[in-house]
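Q: Coordinates only, no sequence provided:
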Ligand code: B12
Ligand code: SF4
């Protein structure tokens with residue numbers, strides 16, 4: 001069967017700092033190819049809608065699969081599916097990914113028949129099964145499949161994460177993928193899932209709070225095949241299991257694979273396993289993202305982050321000593337007043353780190369979705385991008401955005417614009433000489449993308465697709481079991497991590 005897989009357009013954040021390959025979709029593509037399908041992949045973070053419609057004509061796909069990791073992309077995907085059904089009424093349209101999994105039935109109803117089914121959970125196993133079962137009937141009896149006729153049993157976790165490596169050969173214009181100075185940049189997965197249970201996060205609920213490891217040799221083999229000199233590690237929390245991080249490092253050293261890496265981890269993991277990060281620093285670890293989330297104890301407790309402010313600050317010291325550049329995320333609460341923003345601005349100016357500020361946003365699949373969603377001031381999917389306030393703000397909304405953008409501009413002053421160009425002149429020239437323009441362009445994009453008035457006006461756009469609230473009886477803290485997409489029954493070698 002001819003299959004076209006599509007990743008939607010970038011959201012605000014990705015318009016500046018980074019653009020990364022659609023790794024999940026590449027893995028689904030490889031699984032479908034192995035099953036004998038002819039697959040093409042189109043990434044709308046790089047290409048335009050007109051390229052999509054061109055492919056519809058020239059490739060004439062019989063099945064089209066959209067990736068919906070991000071809630072804010074829902075309206076775009078529904079509109080594309082509707083247009084597709086008008087142009088190619090017999091094409092089978094399906095959707096998968098993180099957000100789609102949590103809102104499957106609502107999505108199908110809102111698409112009014114333009115989407116034939118949602119595939120919940122990991123797509124590698126279920127996508128080939130669905131295409132094999134076409135034209136149906138009975139799709140809804142397959143694990144992880146949801147149609148308007150019903151839903152199959154819960155999807156099971158993949159037994160082997162090393163089987164379908166991403167079909168990177170299907171992504172075009174790969175030089176457009178980058179993160180900051182790591183330009184161009186590929187992505188790779190070492191582990192999947194997260195054993196913590198932060199109240200605002202759905203990474204753990206998607207995988208049933210399991211944590212699985214890839215075989216170090218398979219990771220090394222994959223990295224050996226990656227052409228890009230830079231690599232973004234997509235794991236939610238890198239190096240929870242020190243022996244795994246060290247085993248991958250050893251496999252890379254043996255093969256003399258040298259790249260520059262960006263990864264994300266928790267402050268307590270960094271403190272506990274400093275030797276792993278030190279070894280990776282020697283291997284090329286350059287940037288690290290630490291989800292600090294809040295500067296004070298009360299915020300950390302509310303998010304159930306299970307770390308203390310003192311651990312966070314000690315971790316920053318460790319990262320500085322190791323010579324790793326750190327990016328930090330702080331969550332701005334809609335209840336913040338001017339002095340809260342002021343505090344973050346002052347702190348951000350004192351520390352050398354790159355400080356990002358995102359807005360606390362309850363997402364389907366999180367605990368806060370159930371406890372907070374009754375307070376939502378908007379249900380417009382497009383505003384659920386952690387850059388808009390979807391809960392009531394204590395400051396007038398316009399002023400909230402002014403403070404938010406003013407605070408984010410500190411980041412701009414420190415790390416973008418002329419100041420950054422002066423500091424990175426050598427790097428920038430080197431990149432330009434190699435024809436890589438993503439990083440240098442990034443330095444000038446801030447005020448085009450972040451704009452208080454524009455963010456405020458976004459609340460008054462015409463809304464065609466709205467998030468649905470959970471049923472009344474669920475407006476209280478749900479059991480984890482209720483939130484899970486995958487059931488937490490990991491296969492033997494993929495047991496939950498020992499986090500202590
Ligand atoms: C890497 C990552 C990114 C990368 C994106 C890379 C990319 N182009 O997709 C970067 C750093 C750019 C990023 C940015 C953001 N991210 Co992000 N990101 C992740 C992260 C950590 C891992 C995703 C990943 O690559 N996993 C590995 C691959 C192999 O898995 P996968 O993509 O999930 O795909 C599997 C399944 O989902 C499914 N699948 C996926 N697509 C499809 C399609 C079909 C047809 C089928 C059948 C199946 C299928 O099968 C795949 C294989 O098993 C997730 C957390 C998580 N654990 O999922 C958050 C997450 C997805 N991000 C999140 C957020 C909020 C953001 C931002 C909005 C944050 C911000 N600060 O502004 C931005 C928006 C970016 C944008 N779209 O423009 C939220 C999503 C919230 C939501 N419900 O919308 C998550 C869940 C994090 C969280 N803890 O809340 N992100
Ligand atoms: S925020 Fe990080 S540590 Fe917490 S559950 Fe999500 S991925 Fe895990």
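A: Perfect, thanks for sending it. This structure is a prediction, so every number in the text was calculated from the model and none was measured. Ligands and ions are numbered 1, 2, ... in the order given.
Q: going forward, measure contacts between C-alpha atoms and count neighbours the same way
A: Fine.
Q: and residue 120, how many neighbours does it have?
A: Residue 120: 29 surrounding residues under other Cα atoms under 10 Å.
Q: Would you check that it makes contact with residue 94?
A: No. Between residue 120 and residue 94 there is no contact under Cα atoms under 8 Å: 10.7 Å.
Q: Where does pLDDT dip in the stretch 251-400 of the chain?
A: By pLDDT under 70, the stretch 251-400 of the chain has no low-scoring segment.
Q: Which stretches in it count as strands?
A: Listed in chain order, the strands of the stretch 251-400 of the chain (DSSP state E, counting those that start in this stretch) span 260-265, 285-293, 325-332, 354-359.
Q: can you give me phi and psi for the closest residue to ligand 1 within the stretch 351-500 of the chain?
A: Nearest residue of the stretch 351-500 of the chain to ligand 1: residue 385, at 4.6 Å (Cα to the nearest ligand atom). Backbone geometry at residue 385, expressed as degrees, to the nearest 10, gives phi -130, psi 20.
Q: again with residue 140
A: Main-chain torsions, residue 140, degrees, to the nearest 10: phi -70, psi 0.
Q: Check which residues of the helix ranked longest in the chain are buried.
A: The residue-count maximum for a helix in the chain (DSSP state H) belongs to helix 397-415. Residues 397-412, 414-415 are the ones in helix 397-415 that count as buried (16 or more other Cα atoms under 10 Å).
Q: Now do the contacts for residue 407.
A: 341-342, 344-345, 357 (Cα atoms under 8 Å, 6 or more residues apart in numbering).
Q: Produce a PyMOL select command limited to the buried residues of these.
A: In PyMOL, this line selects whichever of the contacts of residue 407 come out buried by 16+ other Cα under 10 Å:
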select buried, resi 341+344+345+357
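Q: Just the contacts of residue 407: which are in helices?
A: 341-342, 344-345.
Q: my guess is residue 246 meets residue 276, correct?
A: Yes. With contact defined as Cα under 8 Å, residue 246 counts as touching residue 276 (6.1 Å).
Q: Looking at the contacts of residue 407, which is nearest residue 191?
A: Nearest to residue 191 out of the contacts of residue 407 is residue 357 (Cα to Cα; 26.3 Å).
Q: Who are the contact partners of the closest one?
A: Residue 357 sits in contact with 329-332, 404, 407-408, where contact means Cα under 8 Å, 6+ apart.
Q: The same query, at a cut-off of 6 Å, please.
A: With contact set as Cα atoms under 6 Å, 6 or more residues apart in numbering, residue 357 has these partners: 329-331.
Q: One more: residue 91?
A: Counting by Cα under 6 Å, 6+ apart, residue 91 touches 62-63.
Q: mind running it again at 8 Å?
A: By Cα under 8 Å, 6+ apart, the contact list for residue 91 reads 61-64, 84-85.
Q: Kindly report the same for residue 238.
A: Going by Cα under 8 Å, 6+ apart, the list of residues near residue 238 reads 190-191, 263-266.
Q: now with 10 Å?
A: Going by Cα atoms under 10 Å, 6 or more residues apart in numbering, residue 238 touches 189-192, 194, 244-245, 263-266, 269-270, 277, 288-289.
Q: Residue 264 now?
A: By Cα under 10 Å, 6+ apart, the contact set of residue 264 is 232-239, 287-291, 326-328.
Q: and those residues near ligand 2, which?
A: Checking those against ligand 2 by Cα under 6 Å from any ligand atom, the ones in range are residue 236.
Q: related to what we said a few turns ago, give me the common contacts of residue 246 and residue 276.
A: Joint contacts of residue 246 and residue 276 (Cα under 10 Å, 6+ apart) are residue 239.
Q: coming back round to it: go through the strands of the stretch 251-400 of the chain and pick out the most buried.
A: Among the strands of the stretch 251-400 of the chain, ranked by average contacts under mean count of other Cα atoms under 10 Å, first place goes to strand 285-293 (a mean of 22).
Q: and that one, which strands flank it?
A: The pairing partners recorded for strand 285-293 under DSSP bridges are strand 260-265 (parallel), strand 325-332 (parallel).
Q: May I see those organised as JSON lines, with distance to residue 350 added?
A: Output for those, formatted as JSON lines (distance: least, Cα to Cα, whole Å):
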{"stretch": "strand 260-265", "distance to residue 350": "22"}
{"stretch": "strand 325-332", "distance to residue 350": "14"}
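Q: what's the closest of those strands to residue 161?
A: For the strands paired with strand 285-293, distance to residue 161 was read as Cα to Cα. The smallest value, 19.1 Å, belongs to strand 260-265.
Q: For stretch 68-85, what is the distance to the chain centroid?
A: Stretch 68-85 has its C-alpha centroid displaced from the chain centroid by 17 Å (Cα atoms, centre = their mean, to the nearest Å).
Q: That one and ligand 1 in contact?
A: Yes. Residues of stretch 68-85 are located near ligand 1 by Cα under 6 Å from any ligand atom, namely 68-71.
Q: And stretch 36-55, by the same measure?
A: No. Against ligand 1, stretch 36-55 shows no contacts by Cα under 6 Å from any ligand atom, the least distance being 7.6 Å.
Q: For the chain, which residues are neighbours of ligand 1?
A: Residues of the chain lying close to ligand 1 (Cα under 6 Å from any ligand atom) are 10-11, 13-14, 19-25, 27-28, 65-71, 95-99, 119, 121-124, 127, 201-203, 234-236, 363, 385-386.
Q: try it again with 5 Å
A: By Cα under 5 Å from any ligand atom, the part of the chain that sits against ligand 1 consists of 10-11, 13-14, 20-22, 24-25, 65-67, 70-71, 95-99, 122-123, 201, 203, 234, 236, 385.
Q: now, which of those residues lie within helices?
A: Residues of the residues of the chain next to ligand 1 located in helices (DSSP H): 24-25, 98-99, 123, 203.
Q: Highest neighbour count among these?
A: Most neighbours among those, by other Cα under 10 Å: residue 25, with 28 neighbours.
Q: about what we covered before: is it possible to get JSON lines of the contacts of residue 407 that adds distance to residue 313?
A: Formatted as JSON lines, those follow (distance: Cα to Cα, whole Å):
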{"residue": "341", "distance to residue 313": "19"}
{"residue": "342", "distance to residue 313": "19"}
{"residue": "344", "distance to residue 313": "14"}
{"residue": "345", "distance to residue 313": "16"}
{"residue": "357", "distance to residue 313": "17"}
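Q: what's the most distant pair in the contacts of residue 407?
A: In these, two members sit farther apart than any others by Cα to Cα. They are 342 and 357, at 12.6 Å.
Q: tell me which element residue 187 is part of?
A: Using DSSP states H and E, residue 187 sits within strand 186-188.
Q: which residues are in contact with that strand?
A: Here strand 186-188 makes contact (Cα under 10 Å, 6+ apart) with 19-23, 165-166, 168, 174-175, 177-179, 219, 222-223, 226-235, 261-263.
Q: so for it, what's the average pLDDT?
A: What strand 186-188 shows for mean pLDDT is 98.
Q: partners of it in the sheet?
A: Strand 186-188 has these partner strands in its sheet, going by DSSP bridges: strand 230-233 (parallel).
Q: Taking the centroid of this structure, which residue is nearest it?
A: Relative to the mean C-alpha position of the chain, the nearest C-alpha, by Cα atoms, centre = their mean, is the one of residue 69, at 6.8 Å.
Q: Would you check how far apart that residue and residue 324 are?
A: In this view, residue 69 and residue 324 are 29 Å apart by Cα to Cα, to the nearest Å.
Q: Run a quick neighbour tally on the nearest residue to residue 182 once chain neighbours are set aside.
A: Nearest-residue entry for residue 182: residue 230, 5.6 Å, with adjacent residues in sequence omitted and distances by Cα to Cα, 6 or more residues apart in numbering. By other Cα under 10 Å, 24 other residues sit near residue 230.
Q: Next one: residue 230 from residue 263, what distance?
A: In this view, residue 230 and residue 263 are 11 Å apart by Cα to Cα.
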